[in-house]
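Enquirer: sequence plus the predicted model coming up.
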Amino acid sequence: MTIDLDIQDDKLFFNLPDGTSNEFAKVGPNTYKRSYMGYYINVDTSSGEETRVDEEQHSVITLTEDGFICEYYQGNEGSPCCFHTYTRVGETP
């Protein structure tokens, strides 16, 4: 997968090959954050009833020497629910 990161002033644009792009705001040195609404499905195991629970979610990109790390948070920002590490391949223009 090829991802293009475009930094303009205090914004980082996370651009995917399909043309979609997400905008992140600078929150610290080499660190950018995006907040958005998401949801999860809560299932009552005794009745099987499903309830949609809306919550604010966040993604944080931290630039590293050889790529970047993207952490994903649900609800409060205590710790990420998951993260992905991306490594630069090839020469930087």
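Expert: On my side now, so go ahead. Numbering: from 1, shown residues only.

Enquirer: pick out the residue closest to the middle of the protein.
Expert: Ser59 (3.0 Å; CA atoms, centre = their mean).

Enquirer: now that it has come up, it's in contact with Ile69, right?
Expert: No. At 10.8 Å, Ser59 does not count as touching Ile69 under the criterion of CB atoms under 8 Å. C-beta: built from backbone N, CA, C; applies to glycine.

Enquirer: low-confidence ranges in this protein?
Expert: 77, 91-93 (pLDDT under 70).

Enquirer: mind redoing it with 90?
Expert: The model of the chain has pLDDT under 90 over residues 1-4, 16-17, 19, 38-40, 53, 55-56, 74-83, 87-93.

Enquirer: what's the single longest strand in it?
Expert: strand 50-64 (DSSP state E).

Enquirer: walk me through which strands that strand pairs with, and which way each runs.
Expert: Using DSSP bridges, strand 50-64 pairs in its sheet with strand 31-43 (antiparallel), strand 67-74 (antiparallel).
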